[in-house]
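Asks: no sequence on this one, just coordinates:
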């Protein structure tokens, strides 16, 4: 009986320590989520000084958003800029991770270089966007350098071309996040049993073959986690294009993202449309994350079956 009473007492302390987490989650996560879903079914906005609603309209807000062609344009913009930043990010991070974790290279000052590549992740995205806005302005240092080198005769208007604005946004996302991705991949690589590499080297495998046949397959869980978190972050892309284009998404709304579109509804206090768009993004994020997880897991399962058959 005394032993059971001690177990119950220990369990009680565990529940007590969990209370702050549940309180914070309830206040800052669950209640806002429930309120957003509730508002999505109501007509609730301001027209001048007049408040319209809240009036229950069912799924009308969802139909309005999904039938709006701008919604699909902004979704395309978001995915283009996310893919443009994620592909070089994952390639560069894999190369750096393999470089830093290779014991045969015996690199010096590893801690210094790891700190340097992680530093951009600590800079606020708004400050980063303001820096790039100043660098690539019509009278900025980049244009001055290009004209002095004779590449352009006059200043190139980076903010007036869809390709250059999207490239800048993708490049900034790449610079800010490749350090974090590198650290994650390095942790995964360092957790791989070194005897596997030694056995492959004894069998005559090259460094490239070891990377593709051993390192990359064993990194699959980390890669899936990186892909899903990056996808969620990409769908939530806001601060960099917002500041870089002063909230306009110019030129011709080619850099307007879904969250910038949501922000316009919230700024105009159209809480019904904002709530409906938030719910749509929540569902889309969940579906895409599940598809990525299922696709990568099915690939891993088929690979294991093939190896077992061999």
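Replies: Perfect, thanks for sending it. None of the values given here were measured: they were computed from a predicted structure.

Asks: what about the strands in the protein?
Replies: Ranges of strands in the chain, per DSSP state E, are 42-47, 50-56.

Asks: what sits against the nearest residue to residue 125 once chain neighbours are set aside?
Replies: Of all residues not flanking residue 125 in the chain, residue 239 sits nearest, at 4.3 Å (Cβ to Cβ, 6 or more residues apart in numbering). Quick note: C-beta positions are derived from backbone N, CA and C, even for glycine. For residue 239, the contacting residues are 125-126, 129, by Cβ atoms under 8 Å, 6 or more residues apart in numbering.

Asks: now with 10 Å?
Replies: Contacts for residue 239 (Cβ atoms under 10 Å, 6 or more residues apart in numbering) come out as 124-129, 172, 259-260.

Asks: now swap in residue 160 and tell me
Replies: 138, 250-252.

Asks: Closest one of these to residue 204?
Replies: residue 251 (55.2 Å; Cβ to Cβ).

Asks: coming back round to it: so which of the strands of the chain is nearest residue 220?
Replies: Among these, strand 42-47 sits nearest to residue 220 (Cβ to Cβ), with 43.8 Å.

Asks: what are the pairing partners of that closest one, and which direction each?
Replies: According to DSSP bridges, strand 42-47 forms sheet pairs with strand 50-56 (antiparallel).

Asks: pLDDT on the strand it pairs with, on average?
Replies: What strand 50-56 shows for mean pLDDT is 86.

Asks: try stretch 18-38
Replies: 92.

Asks: If we go by neighbour counts, what in it is buried?
Replies: residue 36 (16 or more other Cβ atoms under 10 Å).

Asks: What lies in contact with it?
Replies: By Cβ under 10 Å, 6+ apart, stretch 18-38 touches 15, 54, 271, 274-279, 282.

Asks: redo that, cut-off 6 Å
Replies: 275, 278-279 (Cβ atoms under 6 Å, 6 or more residues apart in numbering).

Asks: hang on, residue 174 packs against residue 86?
Replies: No: Residue 174 lies out of contact with residue 86 (Cβ atoms under 6 Å); the separation is 7.9 Å.

Asks: Narrow the contacts of residue 239 to those that are buried.
Replies: Here, 16+ other Cβ under 10 Å leaves 125, 128-129, 172, 259-260 buried among the contacts of residue 239.

Asks: export those residues to TSV and tack on distance to residue 267?
Replies: Output for the buried ones among the contacts of residue 239, formatted as TSV (distance: Cβ to Cβ, whole Å):
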residue	distance to residue 267
125	19
128	23
129	19
172	23
259	12
260	10
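
Asks: okay, those in CSV with pLDDT next?
Replies: Converted to CSV, the buried ones among the contacts of residue 239 look like this (pLDDT from 0 to 100):
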residue, pLDDT
125, 87
128, 87
129, 91
172, 94
259, 93
260, 94
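
Asks: Model confidence score at residue 258, please.
Replies: At residue 258, the predicted lDDT confidence score is 93.

Asks: I figured it hits residue 72, correct?
Replies: No: when contacts are counted by Cβ under 6 Å, residue 258 is not listed as touching residue 72 (10.2 Å).
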